[in-house]
Every structure is written in C-alpha cells, then in structure tokens.
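Structural data only, the sequence is not supplied:
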C-alpha cells in the first residue's frame, strides 16, 4: 500500500503539522514532495506530490494561493502544505480553506518554526522505504499473475514477509481505459497524448485512494494498458466493494476526453498457482464489458454466460429491468 497523506502526518517529529481542510483526501497516495518556488506549479509537477508553499522566494497573496490549489487539483496533487509565520504567510486565507474542502485536497498548515530540512528528511525517508516495499509487493503480484516465477514456495515466503495474505479467497480485477483510438482520431496528437496521460494519472490516483480507503493491502499494478488489483471475495465485503467500484468507474468515466473506464472480474482464487488463470478470466470479462458498455461497466467472469445471453436479446429493455431488480448482476 502506498504511503498516504494521513500516514505522512503521523510520522515522528511532524506533529506540529495540522490538517486545516480536505480531510476526504487523507487517503490519497503521496508519490513525492515538491517545494514550490515559482508563481505557478503546473509545469513542475506530475501528480501525487505533496506541495509545500513557503512564500520565501515568491510572494503569495490569497489569489495566488487559490490559483496554485486549482493547478494542483488539475495535476492531481496529493496535498498542499502552507508554511505560516510572521515573516511571509501570516495565516491561511479562509477562502483557500473552503476551496480545499470543496476540492477534497488535504490542506496542511506547517509553522515556520518546524524546519523544512527535518520535514523533508522524514518524508523522503518514509517514502523511499514505502516505495521499496511496494515494489517488492508489485513484483510478487505480477509474478503470480503472469506465472513467471522460478519457485512458488519462495514466492509464498516473500508474500508472507510483505504481509500479503493469499490464504483468503481473492478476485483479480482488470481495468482498462477505452476510447483511445477515437481520442487520437479526433484531436491533434499532442493534445490527445496530454489528455491520455492525464486520464491515466487520474485513474491511478483515484484507484489507489479507493484501495487505501478500503484498507486493501494488495498493490495496484499496471500491465498491457490495464490496471490490476485484488479484491477480497467474502460475500458481503465483495458485493460492497463491487458496488463502490462501479460508482467509482462512473465518476471517473466519460470525461471531456471521451475516454471510459471498464472492469472485468475473475472467479475467486484460493491457490497461488491459480492467479495466471484468474488474470485470463478477468480479461475475458473485461472484453465483454467493452461490448456491453455503457450499461455494463463491470463484468463478472462467473456471470459471463448469463450476461452474454441477455446481450443477445434484440430488445435491451428486459435486461435493463432485470439489472435494476437484481443489482448484484450489475453492481
């Protein structure tokens, strides 16, 4: 699991940093930190940064701070830290606090007395450790999904060391952005590429936030233009997460760029050697989602036969009424 804003605030020595707004974004993953020294930040960040505003090298009035927060929202930052004190930024403007709450971006106040060298050292060290552990977890999951492992017993030992519990039944979820060819046909290559990369950053950040909020310990991985992760299969928990995932897909999909996000789910997996087959199942379900969109954003491999039968009916209204009466089929 990626290090979140909430976990950053809990680091030793950083107790003086105080959340002022945007608590709904506390589970956003922090990729790195960035200290803003220019009037704008959009061209200097890539998404996932915790942005520090000191006011030292550039004067920061209320309008500039609001502009920076809006740029941060557009670029997908994890949060913004404002250093306050008598010398530069005396206080965080109320309008900025209200905007951060509206945008769901964590807004943090740091007193100037807390030295930046201490803050960046603590955060940087924690992020490096977290990334090393996350890279090991991704490697383990990708080896299971591809079947490319030299020794299954060793891989199992590595999973235990990384606190990945594969003894419980799990499902493979495969997500894919659709509409990319149409995007490049309709817009100039440079604009289409910028929209595509922004869409991928947004999906990556929102998916990771959703997994963090669910307490999902398994990593989010990317392969062959797909986002892959695992979901627990306990009946009540799975149905709840499936419905939450569907709401998330609808929120992420159909933006101004015309891209949509679709998902395929495998059957439950209970043995380590079954994950390669599960990935194939998830991809089959994903391909069916592509054929049935937009009515069916999430397709379950265990329901493929039933869904294919309904999709063959010339009049879609009976199928739509059935989905409405039985949300487990579509949610």
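Done, it's in. In this text, all values refer to a predicted model and were calculated from it rather than measured experimentally.

Checking residue 158 next. Helix, strand or coil?
Put simply, residue 158 is helix when judged by DSSP: H, G, I helix; E, B strand; the rest coil.

er, residue 174 I mean
Look at residue 174: counting by three-state DSSP, its state is strand.

Tell me what it is bridged to.
Beta-bridge partners recorded for residue 174 (DSSP bridges): residue 228, residue 264.

quick one: it and residue 278 touch, right?
No. Applying CB atoms under 8 Å as the test, residue 174 and residue 278 come out as separate, 9.6 Å apart. Bear in mind the C-beta positions are built from the backbone N, C-alpha and C, glycine included.

what are the ranges of the helices in the stretch 101-250 of the chain?
116-146, 152-161, 180-186, 189-214, 235-252 (DSSP state H, counting those that start in this stretch).

Could I get those in CSV, plus columns for mean pLDDT?
Converted to CSV, the helices of the stretch 101-250 of the chain look like this (pLDDT from 0 to 100):
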stretch, mean pLDDT
helix 116-146, 96
helix 152-161, 95
helix 180-186, 91
helix 189-214, 89
helix 235-252, 54
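
Can you pull out the low-pLDDT segments for this protein?
Applying pLDDT under 70 to the chain flags residues 1, 235-258, 292-296, 305-331.

In terms of residue numbering, what are the domains of it?
5-123, 165-312 (the TED database).

Figure out which of the ones you listed is closest to residue 145.
Nearest of those to residue 145, taken as CB to CB: domain 165-312 at 4.6 Å.

would you list the domains of the chain in a markdown table and tack on mean neighbour count and distance to residue 140?
As requested, these are arranged in a markdown table below (neighbours: other CB atoms under 10 Å; distance: least, CB to CB, whole Å):
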| stretch | mean neighbour count | distance to residue 140 |
| --- | --- | --- |
| domain 5-123 | 17 | 19 |
| domain 165-312 | 18 | 8 |
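
so which of those gets nearest residue 142?
Nearest to residue 142 among the domains of the chain is domain 165-312 (5.7 Å), distances taken as CB to CB.

one step back: what touches both of residue 174 and residue 278?
Counting by CB atoms under 8 Å, 6 or more residues apart in numbering, the contacts common to residue 174 and residue 278 are residue 266.

that older thread, now that we have the domains of the chain, can you turn them into a markdown table and tack on distance to residue 157?
Converted to a markdown table, these look like this (distance: least, CB to CB, whole Å):
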| stretch | distance to residue 157 |
| --- | --- |
| domain 5-123 | 26 |
| domain 165-312 | 11 |
